[in-house]
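Participant: Any chance you can model this:
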Amino acid sequence: MKKIIHTDRAPNPVGPYSQAVKVNGFTFVSGQIAIDPQTGQMVTDDIESETHKVLENLRQVLLAANSDLEGVVKCSIFVRDINQYARINEVYTEFFKGTQPPARELVEVSRLPKGANVEISAIAI
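Facilitator: I've put the predicted structure just below:
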């Protein structure tokens, strides 16, 4: 049986999807962008602050699902500019500390919702 996950500590979906769905012990978190859930505004000061907000939104959805970043087994990262990889990775590393980081891919795309520069989805236990 699946359970829909929603928290006010992360932005509301910008389309017809759930923040996350929990099924069979796994949590599938939809792609998060840098929308501040308090203001509804995008955080786009620089790629580091944008990535930080994306990962904080991801963390809040995981917490609502009784999981956390340590439970993440897979991340998918979508970026508008692959040249920002190193800067995104610096922030990503702050959130995924330790010796057992999740599997992941990082893919350059032409556009993201709301003009975002980075979007991250995850699968967690």
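Participant: tell me what the longest helix belonging to the chain is packed against?
Facilitator: Assignment by DSSP state H gives helix 47-64 as the longest helix of the chain. Taking 3 or more CB pairs under 8 Å, 6 or more residues apart in numbering; DSSP states H and E as contact, the helices and strands that helix 47-64 lies on are strand 20-23, strand 26-32, helix 85-95, strand 118-124. No exception for glycine: its C-beta is placed from N, CA and C like everyone else's.
Participant: Let me have the ones you listed in CSV, extended by distance to residue 48 and mean pLDDT.
Facilitator: Formatted as CSV, the helices and strands packed on helix 47-64 follow (distance: least, CB to CB, whole Å; pLDDT from 0 to 100):
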stretch, distance to residue 48, mean pLDDT
strand 20-23, 25, 98
strand 26-32, 16, 98
helix 85-95, 5, 97
strand 118-124, 10, 98
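Participant: Tell me how many other residues crowd residue 6.
Facilitator: Residue 6: 14 surrounding residues under other CB atoms under 10 Å.
Participant: typed the wrong thing, it's residue 82
Facilitator: When neighbours are defined as other CB under 10 Å, residue 82 has 11 of them.
Participant: Residue 78 is in contact with residue 107, correct?
Facilitator: Yes. Using CB atoms under 8 Å, residue 107 makes contact with residue 78 at a distance of 5.6 Å.
Participant: Settle it for me: which of these two has more neighbours?
Facilitator: residue 78 (19 against 9).
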